[in-house]
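Visitor: Compute the structure for the input listed below.
(2 chains)
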Number of protein chains: 2
Amino acid sequence: MLKLFYAPGTCALASRIALEEAGADYEIARLNFAESEQRSAEFLRINPKGRVPALVTDRGVLTETPAILIYVAQAFPAANLAMLDDAYEFARLQAFNAYIASTVHVNHAHGRRGARWANQQSSFDDMKSKVAETMAASMRMIELDFFEGPWVMGEQYTVADGYLYTMSSWLAGDGVDINEFPILKDHFERMSARPAVQRVLADI
Amino acid sequence: MLKLFYAPGTCALASRIALEEAGADYEIARLNFAESEQRSAEFLRINPKGRVPALVTDRGVLTETPAILIYVAQAFPAANLAMLDDAYEFARLQAFNAYIASTVHVNHAHGRRGARWANQQSSFDDMKSKVAETMAASMRMIELDFFEGPWVMGEQYTVADGYLYTMSSWLAGDGVDINEFPILKDHFERMSARPAVQRVLADI
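Guide: Below is the predicted model:
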C-alpha cells in the first residue's frame, strides 16, 4: 500500500488530494514539523531532503510534488487526473506544476524559511516583508495568463487543481487577500466543496 | 519547426542539449539578457514570465525546463531520452528534474537575482555570500544520494543529464570547486565530450 509522509500546512496537501481523487488505497504518516521530525535520522533515511511529501511505493520512495502528482495520475489512469495521451497538453500541465514548485512555492518559502538562502535576521525580515507582493504577483499571473477555466487546464480536472488549491490556502497567511483574485477565489471554493477535498479537510 | 528562446548562461542550455540529443529540427532565438530583451513587450507576449527557456511549437508556447525536457523526450521517442513506459522510473526522473528546478537552480539564483525575494542591498549581499554553501550542499546530495551512474538515472542517458550538466557548468561562477565532487566532475567531462553537447558549445 502507498504511504504518504505528510504534515499539515505543507505542499504535501496537493499529493494527498491527488491520492483521494484517484481513489487510491493509501495511508498517511504524519510528521510533526514543530518537533522537526522531518530532520530525524529515521526520516532522513526515507527522504534525505528532510521534506514532505514523500510517497513510499512498493518499488521505492518518490519525492517532489510535481513528480508525485504525475505518478498518481499515471498509476490510477481511470481517475483521469492528467492529459496523459497528448505530449503538448501534458507539457502544459507539467509547466503549470513546475511554475508552482519553482516560483510560487519558493516565493511563499521566503516568509518562513529565509535561512535556506541567507544568514542575517535583517535579510529574513526583508524577505518576509516581500512575500505578500511576490505571492500576489505570481497568483495574478496564474489568474490572467494560465488559468483556463473552469479548471486550471480547462474542462478537465487535473492534479494541477489540487496544487493550485494548496497555494491558495496559503494566501491569507502570506498577507494576500484572495478576494483580489475572483477567478482563483471561485476555484478555491469549488475545490473546497469537492468530496475528495472534504475528506482531506476532515482529517488534517 | 520548433523554436527555442535561449540565452547563454541560462538553464535554457538543458533544453537545447535535449533538442540536440533528440535530433530535432529546431531553430534558436537568442535573447540578450544584458539588454533585458526577456522583459520586452514582444517577448512577454510569447512568455509572460519573461524567462527562458520558451519553446514555440506548432500548437503553442511551452515554458519551464522540466516540462520542456519531458516534452522533447515524448516528441522524439526514438532518442530514448526518458523512461516513458514505467510510471515509477518516470517519477524518479521527474523528481530529479524538479529538485534541480526548485532547489538547485533557486539556490544559484540567489547570487544574482536576490531582488526577486527581497528589497535591501544588504539582503542581496547576504544571499550572494551563501550561494557557494547552498550549491555545494545540493550538489553533494545529488552526488551521494541521487546519482545512479554512469548517468544520472543509471544505464540510460536521459534529459536529466543535460540538466545536471547545466548546473555543473554554473559551479565555478558560484564559488564551488567541482573537484570536490568527483562523480559529478566525471559526469561533466563525459557530457562535454558528447557530440550533441559539442555542437551546442560550438554555437553558444
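Visitor: So what pairs up with A:Val56 in the strands?
Guide: A:Lys3, A:Val61 (DSSP bridges).
Visitor: What about it, how many residues nearby?
Guide: If you count neighbours by other C-beta atoms under 10 Å in any protein chain shown, A:Val56 ends up with 18. Backbone N, C-alpha and C define where each C-beta goes, glycine included.
Visitor: again with A:Ala14
Guide: A:Ala14 - counted by other C-beta under 10 Å - has 29 other residues nearby.
Visitor: Just say helix, strand or coil for it.
Guide: helix (DSSP: H, G, I helix; E, B strand; the rest coil).
Visitor: give me every residue that touches it.
Guide: A:53, A:65, A:69, A:159, A:162-163, A:165-166 (C-beta atoms under 8 Å, 6 or more residues apart in numbering or on different chains).
Visitor: Count the neighbours of the nearest residue to A:Arg39 once chain neighbours are set aside for me.
Guide: The shortest distance from A:Arg39 to any non-neighbouring residue, by C-beta to C-beta, 6 or more residues apart in numbering or on different chains, is to A:Gly50 (5.0 Å). The number of residues packed near A:Gly50 is 15, by other C-beta under 10 Å.
Visitor: again, but for A:Trp117
Guide: 28.
Visitor: need the contact list for the residue lying closest to it once chain neighbours are set aside.
Guide: Nearest residue to A:Trp117, sequence neighbours excluded (C-beta to C-beta, 6+ apart): B:His110, at 4.7 Å. B:His110 makes contacts with A:117-118, B:117, B:127-128, B:130-131, B:134, as judged by C-beta under 8 Å, 6+ apart.
Visitor: before we move on, back to that, could you tell me whether the residue nearest to A:Arg39 really is in a strand?
Guide: No: counting by three-state DSSP, A:Gly50 falls outside a strand, being coil.
Visitor: tell me the phi and psi of it?
Guide: In terms of degrees, to the nearest 10, the main-chain angles of A:Gly50 are phi 70, psi 40.
Visitor: Kindly report the same for A:Ala82.
Guide: Backbone geometry at A:Ala82, expressed as degrees, to the nearest 10, gives phi -160, psi 160.
Visitor: From B:Asp85, how far out is it?
Guide: 16 Å (C-beta to C-beta, to the nearest Å).
Visitor: Check A:Pro53 too.
Guide: A:Pro53 is 24 Å from B:Asp85, where distance means C-beta to C-beta.
Visitor: swap in A:Asp177?
Guide: Distance from A:Asp177 to B:Asp85, by C-beta to C-beta: 46 Å.
Visitor: Ok, A:Phe147 next?
Guide: Distance from A:Phe147 to B:Asp85, by C-beta to C-beta: 32 Å.
Visitor: Which of these two has more residues huddled nearby?
Guide: Neighbours were counted for A:Phe147 and for B:Asp85 using other C-beta under 10 Å; A:Phe147 has more, 21 against 8.
Visitor: residue contacts, that one?
Guide: A:Phe147 touches A:164, A:183-184, A:187, counting by C-beta under 8 Å, 6+ apart.
Visitor: Any of the residues you listed buried? List them.
Guide: A:164, A:184, A:187 (16 or more other C-beta atoms under 10 Å in any protein chain shown).
Visitor: Now tabulate these in JSON lines and tack on pLDDT, distance to B:Ala202 and secondary structure.
Guide: Output for the buried ones among the contacts of A:Phe147, formatted as JSON lines (pLDDT from 0 to 100; distance: C-beta to C-beta, whole Å; DSSP: H, G, I helix; E, B strand; the rest coil):
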{"residue": "A:Leu164", "pLDDT": "98", "distance to B:Ala202": "42", "secondary structure": "helix"}
{"residue": "A:Leu184", "pLDDT": "98", "distance to B:Ala202": "46", "secondary structure": "helix"}
{"residue": "A:His187", "pLDDT": "98", "distance to B:Ala202": "47", "secondary structure": "helix"}
